[in-house]
Every structure is written in structure tokens, then in C-alpha cells.
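Peer 1: What would the 3D arrangement of this be:
(one chain, ligands or ions: 1)
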Amino acid sequence: MSDITVDLDLRSYKIIVESGALKSFPNYLKHHDNIKNLVLISHDSIMKHHGINLKNNLESLGYKIVEIILPDGDDSKDLEIYNRIITMMIESSCDKTSVVIALGGGVVGDISGFVASSFMRGIKYYQVPTTLLAMVDSSIGGKTGLNFSRKKNIIGSIYQPVSVIVDPNLLDTLPFNEKISGFGEIIKYGAIKDRGFVNKLNEWVKDIENFPYTKAIERCCQIKAEIVTKDENEINLRRVLNFGHTIGHALESYFGFQELRHGEAVSYGMLCSAWISFKKGFIDIKDYNLLIETINHLPLPKLNKVDPDEIMHYINFDKKNENGKLNFILLDGLGKAKVSQNVSSLEILESLKVLNEY
Ligand code: GLY
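Peer 2: The predicted structure follows:
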């Protein structure tokens with residue numbers, strides 16, 4: 001077992017990474033007095049695989065559970081669902097002592113966190129991620145949010161959980177392509193912060209069936225905790241977590257979220273961003289090849305040819321949201337990243353050619 005601290009003064013918390021952690025979840029609740037009820041937010045399939053045992057376990061200890069099942073997909077992060085959750089919580093007499101448990105992937109984590117941050121001006125919540133991507137990224141750091149008016153995460157807050165409980169055993173029921181999506185974010189952590197970790201990943205992804213998930217998750221959580229500790233509100237450093245994301249987000253929008261999962265799009269985005277970093281002389285050929293080779297080992301979905309102008313359209317849309325300046329994340333050597341406002345449209349267009357090699 002490892003516990004990793006996100007050090008934020010009074011809002012500090014632990015990330016627990018432990019096989020079987022879900023079974024011991026009630027132990028963590030012992031730190032709270034007089035919990036009125038637990039609001040368990042999840043998806044149907046996750047409830048069947050994991051949630052039902054958790055619910056039974058908690059009920060047998062006398063906790064009252066308010067179970068809220070969200071529909072699948074990113075669409076469930078909207079005001080209508082928010083409305084439904086808050087209504088159910090009011091009808092179930094939730095109050096300041098109620099505690100939210102987010103049992104799921106990024107969507108469940110984001111909406112549950114936002115519910116917790118806004119219900120009666122803020123109640124406690126736990127992140128219990130069930131996807132690889134959520135275990136290494138979205139469950140940590142307190143980003144919460146909803147989509148509104150076709151804009152992703154346009155409503156939201158930074159509100160830290162009481163704790164993040166990661167049980168790698170839950171990955172046993174995760175579909176393979178969801179795991180691959182998580183690998184994109186895992187490689188990202190090595191690229192931006194730890195060259196030695198990329199070396200290890202390069203070996204590990206060659207035998208993906210025997211991938212040491214717990215070790216990899218622990219290292220990613222340590223890196224994320226370190227970055228969030230230094231820059232909780234994403235003023236500067238936290239932005240490096242968006243390596244591969246500018247082009248990745250554009251690819252997600254271009255292909256549609258059903259066709260390309262977030263982490264898969266980030267993997268492709270990293271190929272392009274690494275290429276720009278290399279062309280600008282920020283990483284040498286050896287490190288560039290090491291990173292590219294590691295990503296190439298992932299069984300990513302084949303991409304149809306992209307229309308560069310349309311990709312640029314999506315990127316320029318992002319730019320509008322950043323005061324007209326694109327903050328592009330580049331590598332500064334492998335294992336180090338920096339924010340650059342000097343990446344031209346031409347460089348981005350050139351980098352997209354890398355994708356046609358797939
Ligand atoms: N997923 C990026 C962040 O938490 O900042």
C-alpha cells in the first residue's frame with residue numbers, strides 16, 4: 001500500500017493506492033462524526049461490478065445510502081443531471097453532514113465533485129476512481145465541472161476531496177480500450193516529469209498483458225500530487241499536465257468522443273507536440289525516439305486522415321478561451337515540460353503530418 005499526500009495546508013489529503021482498498025473503504029469514514037447519509041454516485045455497470053458490495057458493506061454498518069445512478073457518457077455532466085442529483089439529495093434529507101462518494105471515471109468524479117462543492121456551500125466527498133485514467137489523473141487535484149451550452153467544463157470549481165481511494169483491482173473489469181486510454185495519461189507523466197519512468201514504461205508496454213498497474217499508478221499519483229501541491233489553481237506549473245492536450249482535444253472534437261477516447265487523443269497529441277519540441281531543438285533525437293517508440297507500442301485506434309484546417313479551427317477555438325494566446329506545452333528535454341506561447345499555426349499544421357503515418 002502507498003499513501004501519497006497532496007499537501008495543501010488545511011485542504012491537504014491522501015491518495016491511497018492499495019489492492020482491495022474498496023473493501024476497507026468504511027475504515028476511512030470513521031474519521032467523520034455523525035454522517036447523516038452517504039450519497040453514492042455511480043453508473044449502472046460500475047454498481048453491478050463493484051458498487052453493490054460497497055453499498056451492502058456500508059449498509060451493514062448502519063449507514064444510510066442515497067444511491068444515484070448516472071446515464072453513461074459525457075452527456076451526463078450537465079445541468080439537468082445536476083438538478084436531478086440535488087433534488088434527490090434534498091428529498092433524501094441530505095444536510096451538511098452528508099458525504100458524497102464518487103465511484104466511477106472522470107464524468108462521475110467531475111459531477112460528484114461539483115455537487116459536493118455546491119450543495120449547502122460545500123460538503124465532504126471521496127473520489128473512488130474506477131478507470132485507469134481517473135486513477136492517475138482526473139480524481140486528483142480537485143477539478144470539478146459540468147458541460148454547458150456545448151462547452152466542456154465551463155461551469156465548475158476547484159474543490160479538493162477528503163481523500164482519493166485507488167483500488168487497482170477494479171481495473172480487472174475495465175474494458176481493454178479504456179485501459180489504453182489511461183496509458184496515454186501515464187506516458188504523459190513520464191514525458192513531463194520523469195525520464196526514468198519513460199524508460200520503464202517503454203519496457204512495460206512491450207508486455208501489456210503483464211503491465212504493473214499498481215507501480216505505474218503510484219508514480220503518476222506522486223507526480224500529480226507534487227504538481228497540484230505547487231500550483232493548485234493552474235496559474236502556471238499545473239498547465240504542463242496538458243501536454244498533448246491542445247491537439248488531443250482538437251482530435252477528440254474532430255473525430256467525436258465515441259470514436260476516440262480522451263487518453264487515445266492525448267497520445268496522438270503527444271506525438272505531434274513531441275515532434276514540435278524536437279523540431280525546435282528542445283529534445284534530442286534519442287529522447288524523441290524513446291518517447292515515440294513508447295507511444296507506438298500502444299494499440300491505438302487507427303485514425304482516418306485528418307483535415308488540418310478543421311483541426312486548426314478547433315485549436316483556434318481553444319485559443320479564444322485563453323485571451324487570444326495559445327499556451328502550448330512543449331518538452332524541454334524528456335522528463336521536463338514548459339509552457340510556450342511561440343508555437344505557430346504552421347508548426348502545428350506540420351506536426352499533424354506525423355498522424356498520417358498511422
Ligand atoms: N487533468 C489536468 C489537471 O488536473 O490539471
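
Peer 1: The ligand versus G145, what's the distance?
Peer 2: Using CB to the nearest ligand atom, to the nearest Å, G145 is found at 11 Å from the ligand. (Glycine included, C-beta is placed from N, CA and C.)

Peer 1: That residue and I155 touch, don't they?
Peer 2: Yes. At 6.3 Å, G145 and I155 qualify as touching, with contact defined as CB atoms under 8 Å.

Peer 1: which residues are in contact with both of the two?
Peer 2: F114 (CB atoms under 8 Å, 6 or more residues apart in numbering).

Peer 1: Stretch 161-168 near the ligand anywhere?
Peer 2: No. Stretch 161-168 is not in contact with the ligand by CB under 6 Å from any ligand atom; minimum separation 12.1 Å.

Peer 1: Sorry, wrong one. I was asking about stretch 269-284.
Peer 2: No. Against the ligand, stretch 269-284 shows no contacts by CB under 6 Å from any ligand atom, the least distance being 13.2 Å.

Peer 1: can you check stretch 236-246 too?
Peer 2: Yes. Stretch 236-246 is in contact with the ligand by CB under 6 Å from any ligand atom, via 238, 241.

Peer 1: Can you give me the buried ones in that stretch?
Peer 2: Judged by neighbour count using 16 or more other CB atoms under 10 Å, the buried positions of stretch 236-246 are 237-246.

Peer 1: how close does Y268 get to H262?
Peer 2: From Y268 across to H262, the span is 11 Å (CB to CB, to the nearest Å).

Peer 1: neighbour count winner among those two?
Peer 2: Applying other CB atoms under 10 Å to Y268 and H262 shows that Y268 carries more neighbours, namely 27 against 23.

Peer 1: Just the buried residues of stretch 236-246: which are in helices?
Peer 2: 245-246 (DSSP state H).

Peer 1: The strand or helix carrying Y254 - what's its average pLDDT?
Peer 2: Following DSSP states H and E, one finds Y254 within helix 245-255. Helix 245-255 comes out with an average pLDDT of 93.

Peer 1: for that helix, the distance to its chain's centre please.
Peer 2: The chain centroid and the centroid of helix 245-255 are separated by 15 Å under CA atoms, centre = their mean, to the nearest Å.

Peer 1: Smallest gap between the stretch 51-200 of the chain and the ligand, at which residue?
Peer 2: G141 (4.2 Å; CB to the nearest ligand atom).

Peer 1: quick one: that residue is in a helix?
Peer 2: No. The assignment for G141, made by DSSP: H, G, I helix; E, B strand; the rest coil, is coil rather than a helix.

Peer 1: Show the contacting residues for it.
Peer 2: Counted by CB under 8 Å, 6+ apart, G141 has contacts 6, 158, 160, 224, 228, 232, 238.

Peer 1: What is the nearest of those to the ligand?
Peer 2: Closest to the ligand, out of all of the contacts of G141 and judged by CB to the nearest ligand atom, is R238, at 4.9 Å.

Peer 1: Just give me the neighbour total for the residue lying closest to the closest one once chain neighbours are set aside.
Peer 2: Spatial nearest neighbour of R238, excluding adjacent residues (CB to CB, 6 or more residues apart in numbering): D231 at 4.3 Å. If you count neighbours by other CB under 10 Å, D231 ends up with 15.

Peer 1: list residues touching both of Y268 and H262?
Peer 2: Joint contacts of Y268 and H262 (CB under 8 Å, 6+ apart) are G248.

Peer 1: now for the helix or strand where Q222 lies, which elements pack on it?
Peer 2: Secondary-structure assignment from DSSP H and E places Q222 in helix 213-230. Packing partners of helix 213-230 (3 or more CB pairs under 8 Å, 6 or more residues apart in numbering; DSSP states H and E): strand 2-6, strand 13-17, strand 163-166, helix 176-193, helix 195-204.

Peer 1: Point to the residue nearest the middle of the protein.
Peer 2: S138 (2.7 Å; CA atoms, centre = their mean).

Peer 1: Contact residues of the stretch 51-200 of the chain facing the ligand?
Peer 2: Counting by CB under 6 Å from any ligand atom, the stretch 51-200 of the chain sits next to the ligand at 137-138, 141, 143.

Peer 1: Repeat the analysis, applying 5 Å as the threshold.
Peer 2: Residues of the stretch 51-200 of the chain lying close to the ligand (CB under 5 Å from any ligand atom) are 137, 141, 143.

Peer 1: same question, the stretch 201-350 of the chain
Peer 2: So the stretch 201-350 of the chain meets the ligand at 238, 241 (CB under 5 Å from any ligand atom).

Peer 1: Can you name the residue of the stretch 201-350 of the chain nearest to the ligand?
Peer 2: Closest point on the stretch 201-350 of the chain to the ligand, by CB to the nearest ligand atom, is L241, at 4.0 Å.

Peer 1: pLDDT value on that residue, please?
Peer 2: 98.

Peer 1: How much space separates it from L38?
Peer 2: For L241 relative to L38 (CB to CB), the value is 30 Å.

Peer 1: same question, L291
Peer 2: Counting by CB to CB, the gap from L291 to L38 is 43 Å.

Peer 1: between these two, which one's more packed in?
Peer 2: Higher neighbour count among L291 and L38: L291, with 26 against 22, using other CB under 10 Å.
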